[in-house]
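A.B. asks: sequence and predicted structure, then a few things I'm wondering about:
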Amino acid sequence: MQYLFDRLPMFHRIGEAAYKNSLDNTLKIDKIFGHPHRNYKTVHVAGTNGKGSVSHILAAVFQSAGYKTGLYTSPHLKDFRERIKINGQMISEDEVTDWVENYPVKHALWNMDPSFFELTAALAFDYFSKQKVDIAIIEVGLGGRLDSTNIIAPEVSIITNIGLDHTNLLGDTLERIAAEKAGIIKSNVPVVIGLTQIETKKVFTNIAKAKHTEIYFADKEYVASYSMQGLDGKQILSIERNGEIAYPEIKLDLLGMYQSQNVPVVLKTLDILIEQGWQISRENIYDGLANAAKSTGLLGRWQIIGNNPLTVCDTGHNEDGIKMVVNQIKNTPYKTLHFVFGMVADKNQDAVLWLLPSNAVYYFARAGIPRALNEHELAQKASVFGLKGKSYATVAEAFTAAKVNAGKNDLIFVGGSTFVVAEIL
């Protein structure tokens with residue numbers, strides 16, 4: 001792993017310098033390995049927010065239905081191997097090291113100067129082929145059109161929603177970002193759009209029409225009419241279709257209120273897959289959703305990591321993601337809110353900071369990656385929006401301070417950046 005990290009540009013650590021604006025390397029590497037992604041079926045998942053949750057929930061349903069299911073996601077939080085799983089089990093350390101040490105024409109690959117993500121995708125595709133998976137759920141890393149995953153021919157393509165994120169690479173309007181993500185739409189492969197947005201709807205419908213493919217807007221078919229928490233700690237959703245209850249009291253072991261936007265995407269996608277002949281029952285759907293995090297190992301989505309005081313982390317890190325997190329904080333009872341917060345330097349900090357609650361005690365922290373924003377600079381920016389607190393050189397120091405200061409009826413929230421959450425977990 002250190003060999004890969006040291007030698008390859010890695011977007012989530014260094015940002016824009018690691019982004020490739022071409023699929024040339026990906027196609028060359030794919031050819032070297034004999035096009036392994038052609039040996040199994042796939043579902044392709046893109047979007048600004050929700051694509052990780054949708055990918056994991058879909059994988060959980062396929063696992064419940066008895067299919068050997070690959071899952072490729074990014075970034076990882078605790079362990080690189082989280083990115084590549086089969087039936088919820090991470091790829092083994094030996095598989096990773098053997099692949100890096102022994103893959104064919106190794107020096108030819110390095111001479112291409114591949115990115116970390118290009119090789120990681122190749123490793124995943126090759127591993128799924130060797131292990132003979134029935135289907136693999138493949139999450140886009142960044143964007144869509146030029147993403148290393150965009151060589152697959154999926155059963156269904158999914159675009160959850162469009163928000164302003166990675167604007168320096170994907171475009172500074174919703175329409176431009178939508179056009180990049182719509183690059184995963186393939187000829188005659190149905191596409192499911194999670195959220196109908198005025199700015200992006202025409203972009204998607206025009207590209208789908210040009211590709212001669214069916215397009216579906218999940219939120220126009222399925223709606224979560226209410227959500228509540230059950231006695232077993234799981235979230236309970238009632239799902240309507242065309243004004244009638246289609247899935248009464250679906251349980252979900254992912255507790256974020258925003259999952260009510262993701263479940264309709266999953267259900268519409270499953271409708272299409274079932275029509276295509278995949279053997280998935282209502283029982284499999286209910287079971288998959290009830291055990292989505294448990295059976296796939298999903299981390300960092302409104303994850304409760306402590307009680308007395310209630311301690312929660314969430315990887316929501318852009319404007320739309322933070323809006324959803326703040327909404328859930330407002331719906332959570334507490335005496336005092338302690339907010340452990342950090343951001344990366346290449347995000348629009350102001351767009352996030354103005355959304356944050358001013359009635360919290362802040363612990364501004366810097367994650368241990370080159371992209372992280374200096375904690376003092378973050379505190380200064382936050383003060384403009386009336387957010388007050390102290391600065392800490394590390395996430396661990398900030399979290400320790402929050403735990404020392406918090407009473408048992410308080411709420412400690414950890415977030416602002418995926419990498420802040422990763423260090424706590």
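C.D. replies: On my side now, so go ahead. These numbers were taken from a predicted model, which means no experiment stands behind them.

A.B. asks: wait, what's in contact with the closest residue to residue 381 other than its chain neighbours?
C.D. replies: Spatial nearest neighbour of residue 381, excluding adjacent residues (Cβ to Cβ, 6 or more residues apart in numbering): residue 349 at 5.3 Å. Every C-beta, even on glycine, is put in place using the N, C-alpha and C of the backbone. Residue 349 is in contact with 343, 373, 378, 381, counting by Cβ atoms under 8 Å, 6 or more residues apart in numbering.

A.B. asks: reformat the residues you listed as CSV; add neighbour count and distance to residue 234.
C.D. replies: Output for the contacts of residue 349, formatted as CSV (neighbours: other Cβ atoms under 10 Å; distance: Cβ to Cβ, whole Å):
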residue, neighbour count, distance to residue 234
343, 29, 31
373, 21, 36
378, 25, 35
381, 17, 38
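
A.B. asks: residues contacting stretch 285-296, please?
C.D. replies: Stretch 285-296 is contacted from outside by 53, 56-57, 59-65, 71, 85, 87-88, 234, 247, 250-254, 263, 266-267, 270, 298-299, 301, using Cβ under 8 Å, 6+ apart.

A.B. asks: in contact with the spatially most central residue of the chain, which residues?
C.D. replies: Closest residue to the average C-alpha location of the chain: residue 52 at 2.8 Å, with Cα atoms, centre = their mean. Listed by Cβ under 8 Å, 6+ apart, the contact partners of residue 52 are 73, 139, 298, 301, 315.

A.B. asks: next one: residue 132
C.D. replies: Per Cβ under 8 Å, 6+ apart, neighbours of residue 132: 39-40, 68.

A.B. asks: same check on residue 41?
C.D. replies: With contact taken as Cβ under 8 Å, 6+ apart, residue 41 is in contact with 134-136, 154-155.

A.B. asks: and which of the residues you listed is nearest to residue 339?
C.D. replies: Closest approach between those and residue 339, by Cβ to Cβ: residue 136, at 37.3 Å.

A.B. asks: may I have the beta-bridge partners of the closest one?
C.D. replies: Taking DSSP bridges as the rule, residue 136 bridges to residue 42, residue 70.

A.B. asks: what's the helix or strand for residue 181?
C.D. replies: Counting by DSSP states H and E, the element that carries residue 181 is helix 174-181.

A.B. asks: what helices or strands is that helix leaning on?
C.D. replies: Counting contacts by 3 or more Cβ pairs under 8 Å, 6 or more residues apart in numbering; DSSP states H and E, helix 174-181 is packed against helix 167-170, helix 198-210.

A.B. asks: same thing but 6 Å
C.D. replies: Applying 3 or more Cβ pairs under 6 Å, 6 or more residues apart in numbering; DSSP states H and E, we find helix 174-181 packed against helix 198-210.

A.B. asks: how about the helix it packs on: buried residues?
C.D. replies: For helix 198-210, the neighbour count (16 or more other Cβ atoms under 10 Å) marks 200, 203-204, 207-208 as buried.

A.B. asks: on that earlier part again, any idea how far the residue nearest to the centre of the chain is from residue 284?
C.D. replies: Counting by Cβ to Cβ, to the nearest Å, the separation of residue 52 from residue 284 is 21 Å.

A.B. asks: quick one: secondary structure of residue 25?
C.D. replies: helix (DSSP: H, G, I helix; E, B strand; the rest coil).

A.B. asks: and it, what does it touch?
C.D. replies: Residues counted as contacts of residue 25 (Cβ atoms under 6 Å, 6 or more residues apart in numbering) are 112, 114, 118.

A.B. asks: residue 81 too?
C.D. replies: For residue 81, the contact set (Cβ under 6 Å, 6+ apart) comprises 90-91.

A.B. asks: how about 7 Å then?
C.D. replies: 90-91, 96 (Cβ atoms under 7 Å, 6 or more residues apart in numbering).

A.B. asks: secondary structure added to the residues you listed, as TSV?
C.D. replies: Listed next are the contacts of residue 81 as TSV, based on three-state DSSP:
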residue	secondary structure
90	strand
91	coil
96	helix
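
A.B. asks: out of these, who's the most crowded?
C.D. replies: With neighbours taken as other Cβ atoms under 10 Å, the top of the contacts of residue 81 is residue 91, carrying 21 neighbours.

A.B. asks: secondary structure element for the residue nearest to the centre of the chain?
C.D. replies: Per DSSP H and E: helix 51-64 holds residue 52.

A.B. asks: alpha carbons only: can I get that helix in CSV?
C.D. replies: Taking Å, rounded to 0.1, in the frame of the first residue of the first chain, the C-alpha atoms of helix 51-64 are listed here in CSV:
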residue,chain,number,x,y,z
LYS,A,51,-24.0,7.4,-4.6
GLY,A,52,-22.1,5.5,-1.8
SER,A,53,-25.3,4.8,0.1
VAL,A,54,-27.2,3.7,-3.0
SER,A,55,-24.3,1.4,-4.0
HIS,A,56,-24.1,-0.3,-0.6
ILE,A,57,-27.9,-0.7,-0.4
LEU,A,58,-28.1,-2.2,-3.9
ALA,A,59,-25.2,-4.6,-3.0
ALA,A,60,-27.0,-5.6,0.2
VAL,A,61,-30.2,-6.5,-1.7
PHE,A,62,-28.2,-8.6,-4.3
GLN,A,63,-26.4,-10.4,-1.4
SER,A,64,-29.8,-11.1,0.2
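
A.B. asks: now it and helix 174-181, what's the angle there?
C.D. replies: Counting by axes from the mean of the first three to the mean of the last three Cα atoms, to 10 degrees, helix 51-64 lies at 40 degrees to helix 174-181.

A.B. asks: just to revisit the earlier point, in the helix holding residue 181, what's buried?
C.D. replies: By 16+ other Cβ under 10 Å, the buried positions in helix 174-181 come out as 174, 176-181.

A.B. asks: any regions of this protein where pLDDT drops low?
C.D. replies: The model of the chain has pLDDT under 70 over residues 6-21, 103-110, 164-172.
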